[in-house]
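1. would you be able to build a 3D model of this:
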Amino acid sequence: MAPMTAQPTVRETRNLANISAYLIIPAVGVPVLWSMFQQQEPTRWIASGMLAIFATLFFLRERLLAWLPGWGIYLYLIVQTLLITGLILLPPGQVIAVIFFFILSAEVALLESPRISALWIALFSVITLITYAISDGVEALIIVPIYVAGYIFFYTFALQTTRAEQASRESNRLLAELQEAHRQLQSYAQQAEDLAVQQERNRMAREMHDTLGHRLTVSSVQLQAAERLIEPDPERAREIVVTVREQIREGLGELRRTVATLRAPVEADLALTPALRRLTASFQEATGIVVHLDTPDNLPDLPLGHRQALYRSAQEALTNVHKHAKATDVWVMLARRGGAIVLTIRDNGVGLDASSNGTPGFGLRGLEERAAQLNGALSVGASSLGGAEVMVTLPLPQEVIDD
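-> Numbering: from 1, shown residues only. Sure, this is the predicted structure:
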């Protein structure tokens, strides 16, 4: 298995290894050299050079390992092991130099494979055993296990320090990612809140337009008719005024519900077919435009959102027919087509206004938004009867289709 080559891994053992070196190199090297120079040993300068090379390589090891390829750690350990062995065997013999293996035992924690690390520890132990066996004979069996335990301790402690620092670095990385994710979530939450506020404003605008706007439009038309009938038919005028009063009363009730709850739609408690019957009957009575309502007998039980969107679509389309179409008849047709429910409103009026360039008014934009919220679509075009045609298509939920 290849050794670890990343520079951060080298740094992870530097604390223990450096502390060991700061203590061991002077504690061992100074007495050895002092003794050799005192006795004028011929090999004193060779020992000094080997010790200097060992210390230099150790303190420059991070730069060396960063510069060397992946096998550089092995080259470093081999050279350092040869230097220590040379100091031990250099006449007149310095057995105490085996203590330098404590430093290397900490550094083999750099290796990626525990088996290879164990082989290095075994090598240090064998060299120590041979050294003491040559110098002390049988007494080596008592002294060597102490050194071997020291090698294992330095390796194990360095390895645990490495893992602890890796875990700490990983924790810091995860904490930074968590803080960044938290910041993004706060930003997304603020955006979602702003979007929710904007959507609620749009919904309120649609509610106000579809409810109060519709009521006031119809009431205005009825009051105009009542004004014309005051002299020729006062009884009919009175009936119209009573109807207008009822329309305004209902409009005020709808306004109060909208402002109070911002949710409850008109006719929310009614099935769609009865709601459309009441709407078209009221429209026909108020405007004199004949409404032909066609609804299926087997209409499924639609969700509240679908009922509200279709009811509002019919309400807005009828209001536009009265305001712009100059029609005498209007057809309101509700049908199920496969997995969708389709509402069509067409009239025999003057058709679409060419000056609008196909740009929908506020009411139709509101209907487009309602349909889009339910993954549906709104289309406005020319009717085969000469007027305009509004079609709203809403896909049915899967549970409704299954029923």
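
2. can you get me a residue count around the nearest residue to Leu318 once chain neighbours are set aside?
-> Spatial nearest neighbour of Leu318, chain neighbours left out: Phe283 (5.0 Å); criterion: Cβ to Cβ, 6 or more residues apart in numbering. The way it works is simple: take the backbone N, C-alpha and C, and place the C-beta from them, glycine included. Using other Cβ atoms under 10 Å, Phe283 has 22 other residues around it.

3. now the element after whichever strand or helix holds Phe283, going C-ward?
-> Per DSSP states H and E: Phe283 is located in helix 272-287. For helix 272-287, the following helix or strand on the C-terminal side (DSSP H and E) is strand 290-294.

4. and the angle from that following strand to helix 272-287?
-> Strand 290-294 and helix 272-287 are oriented at 170 degrees to each other (axes from the mean of the first three to the mean of the last three Cα atoms, to 10 degrees).

5. which residues touch Lys323?
-> Applying Cβ atoms under 8 Å, 6 or more residues apart in numbering to Lys323 gives the contacts Thr217.

6. tell me the SS of it?
-> For Lys323, the secondary structure call by DSSP: H, G, I helix; E, B strand; the rest coil comes out as helix.

7. how confident is the prediction for it, by pLDDT?
-> As predicted, Lys323 sits at a pLDDT of 82.

8. shouldn't Thr162 be in contact with Ala109?
-> Yes - if you go by Cβ atoms under 8 Å, Thr162 and Ala109 touch, sitting 5.5 Å apart.

9. these two: who's more crowded?
-> Ala109 (24 against 20).

10. distance of the more buried one relative to Gln184?
-> 38 Å (Cβ to Cβ, to the nearest Å).

11. quick one on the thing from earlier: and the helix holding Phe283, what does it pack against?
-> helix 214-229, helix 234-261, strand 290-294, helix 304-320, strand 329-337 (3 or more Cβ pairs under 8 Å, 6 or more residues apart in numbering; DSSP states H and E).

12. the helices in the stretch 1-150 of the chain, which residues?
-> Taking DSSP state H, counting those that start in this stretch, the helices of the stretch 1-150 of the chain run over residues 7-12, 14-38, 44-59, 61-67, 72-89, 101-107, 114-136, 140-208.

13. which other helices and strands does the longest one contact?
-> When contacts are defined as 3+ Cβ pairs under 8 Å, 6+ apart, helix 140-208 packs onto helix 7-12, helix 14-38, helix 101-107, helix 114-136, helix 234-261, helix 362-373.

14. can you lay out the ones you listed as CSV showing mean neighbour count and distance to Met50?
-> What follows is these, written out as CSV (neighbours: other Cβ atoms under 10 Å; distance: least, Cβ to Cβ, whole Å):
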stretch, mean neighbour count, distance to Met50
helix 7-12, 16, 23
helix 14-38, 16, 10
helix 101-107, 26, 15
helix 114-136, 17, 15
helix 234-261, 15, 91
helix 362-373, 18, 83
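
15. what's the closest of those to Leu87?
-> helix 14-38 (7.4 Å; Cβ to Cβ).

16. the closest one to helix 140-208, inter-axis angle?
-> Using the same axes, to 10 degrees: helix 14-38 against helix 140-208 is 150 degrees.

17. list of residues touching helix 14-38?
-> For helix 14-38, using Cβ under 8 Å, 6+ apart, the contacting residues are 41, 43-44, 47-48, 51, 54-55, 58-59, 62, 87, 94, 96-97, 99-100, 102-103, 106-107, 154, 157-158, 161.

18. rerun that using 7 Å as the cut-off
-> 44, 47-48, 51, 55, 58, 94, 96-97, 99-100, 102-103, 106-107, 154, 157-158, 161 (Cβ atoms under 7 Å, 6 or more residues apart in numbering).

19. could you do stretch 41-55 as well?
-> 25, 29, 32-33, 36-37, 80, 83-84, 86-87, 90-92, 100.

20. for these, which one is nearest His214?
-> Gln80 (92.1 Å).

21. now that closest one: closest residue in space that isn't a chain neighbour?
-> Leu104 is the one closest to Gln80 (Cβ to Cβ, 6+ apart), at 5.7 Å.

22. pretty sure Val350 sits against Val321.
-> No - Val350 is beyond contact range of Val321, at 10.6 Å (criterion: Cβ atoms under 7 Å).

23. okay, those two: which has more neighbours?
-> Val321 (26 against 13).

24. check contacts around the more buried one.
-> Counting by Cβ under 7 Å, 6+ apart, Val321 has contacts Ile289, Ala327, Val330, Asp347, Gly349.

25. so where's the stretch 151-300 of the chain shaky on pLDDT?
-> Low-confidence segments of the stretch 151-300 of the chain (pLDDT under 70): 189-190, 192-194, 196-197, 199-201, 203-213, 253-270.

26. make it 50
-> Applying pLDDT under 50 to the stretch 151-300 of the chain flags the ranges 261-268.

27. next one: the stretch 1-150 of the chain
-> Checking the stretch 1-150 of the chain against pLDDT under 50 turns up 1-13.

28. just to revisit the earlier point, filter the contacts of helix 14-38 down to the buried ones.
-> Buried members of those, counted by 16 or more other Cβ atoms under 10 Å: 44, 47, 51, 55, 58, 94, 96-97, 99-100, 102-103, 106-107, 154, 157-158, 161.

29. pretty sure Glu378 belongs to a helix, no?
-> To be clear, residue 378 is Leu; Glu isn't right here. No - if the criterion is three-state DSSP, then Leu378 is strand and not within a helix.

30. give me the pLDDT value at it.
-> pLDDT, Leu378: 92.

31. show me the contacts for it.
-> Leu367, Glu368, Ala371, Val392 are the contacts of Leu378 under Cβ under 7 Å, 6+ apart.

32. for Arg307, see how far away the nearest residue to the third one once chain neighbours are set aside is.
-> For Ala371, the nearest residue in space outside its immediate sequence neighbours is Leu378; the separation is 4.7 Å by Cβ to Cβ, 6+ apart. Distance of Leu378 to Arg307, computed by Cβ to Cβ: 16 Å.
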